[in-house]
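Engineer: Sequence first, then the predicted structure, then my questions.
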Amino acid sequence: AANKINLIPQDFFAELCEQIIQHLNHKIAGVNTAELCQRIQTSGTEIDVGDLANIVNIISFLFSTAASNNLSTEELVATLGNAGKTLPKHALQVIRHVWNEQGVSVRGSEEARNMATVGQFVDMKWKLGVAMSSDTCRSLKYPYVAVTLKVAEPSGQIIDKSFEMTIPQFKNFFKQFKEMAAVLETV
């Protein structure tokens, strides 16, 4: 991962670190790695979205571990100094700067110490479609609902989860949501 971090320009790496801190402080749902990767590629740096997602996971783990151990900037830098031969110098400088400026907010956040291991809902898109035919059936006329959920993983990476439902499945899904809404009204 260190050689991939070395590819990322310092300003983009700083933005990535700041977004991770914001995610740990629950100010944003997560880091949109696809969008950031496209911007990095547009700047002329070749990096794969999967590699960038791995970097997000590593830096998120680094900051959340530093927060849970209540590390000061000096302690974090000293710990990373042991790994200094693997992390690029510009990355160490950015991590030092971001942690020095914003680490206090993460260290003080009890929630950051107990980060959930489940994803967080960000957005949902849906569409109604009709399958007209297939290679085995000439006339289907089969309606379905396609749903795409945008979820921020605990690491901060935002991913899309897509699925399709038949109309009876959708009606059951809708019924369960109505039941959840009714229960929430009583809270």
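Structural biologist: Okay, I see it.

Engineer: quick one, strands of this protein?
Structural biologist: Along the chain, counting by DSSP state E, strands occupy 120-131, 142-152, 158-166.

Engineer: gap between the last one and the chain center?
Structural biologist: What it means is strand 158-166. Offset of strand 158-166 from its chain centre (CA atoms, centre = their mean, to the nearest Å): 16 Å.

Engineer: helices or strands up against it?
Structural biologist: In terms of contacts (3 or more CB pairs under 8 Å, 6 or more residues apart in numbering; DSSP states H and E), strand 158-166 is packed against strand 142-152. From N, CA and C alone the C-beta is placed, and that goes for glycine too.

Engineer: hmm, 10 Å instead?
Structural biologist: In terms of contacts (3 or more CB pairs under 10 Å, 6 or more residues apart in numbering; DSSP states H and E), strand 158-166 is packed against helix 33-42, helix 49-68, strand 120-131, strand 142-152, helix 167-186.

Engineer: Go through the ones you listed and pick out the most buried.
Structural biologist: Sort the helices and strands packed on strand 158-166 by mean neighbour count, taking mean count of other CB atoms under 10 Å, and helix 49-68 sits at the top with a mean of 20.
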